[in-house]
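Participant: sequence? don't have it. structure:
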């Protein structure tokens, strides 16, 4: 069976899809936390939601480590 190595473009696209999925899940979790009245949890989830949006928009890199 031949091994297939993903190109940088494919990896980047997959990363963007993963970040979009994470952001969607965070939006749903935020709603659950809000419905439960868990204000601090809602706030923390909102911060992660905003961060994921920044990564999607290219305002932030995925990693805080240099070169990643």
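Facilitator: It's in. Only a predicted model underlies this, so the values are computations on that prediction, with no experimental measurement involved.
Participant: Give me the most central residue, this protein.
Facilitator: What sits nearest the mean C-alpha location of the chain, by Cα atoms, centre = their mean, is residue 19, with 3.3 Å.
Participant: quick one: contacts for that one?
Facilitator: Residue 19 makes contact with 52, 55-56, 62 under the criterion Cβ atoms under 8 Å, 6 or more residues apart in numbering. C-betas here are computed from N, CA, C, even on glycine.
Participant: And for residue 56?
Facilitator: Contacts of residue 56 by Cβ under 8 Å, 6+ apart are 16, 19-20, 23.
Participant: Now, of these, which are buried?
Facilitator: Neighbour counting with 16 or more other Cβ atoms under 10 Å marks 19, 23 as buried within the contacts of residue 56.
Participant: Out of the contacts of residue 56, flag the one nearest to residue 45.
Facilitator: Nearest to residue 45 out of the contacts of residue 56 is residue 23 (Cβ to Cβ; 10.9 Å).
Participant: looking at it, the closest one is touching residue 53, isn't it?
Facilitator: Yes - at 6.2 Å, residue 23 counts as touching residue 53 under the criterion of Cβ atoms under 8 Å.
Participant: buried ones in the helix or strand bottoming out on mean pLDDT in the chain?
Facilitator: Counting by mean pLDDT, DSSP states H and E, the weakest-scoring helix or strand in the chain turns out to be helix 8-36, with a mean of 91. By 16+ other Cβ under 10 Å, the buried positions in helix 8-36 come out as 19, 22-23, 26, 29-30, 33.
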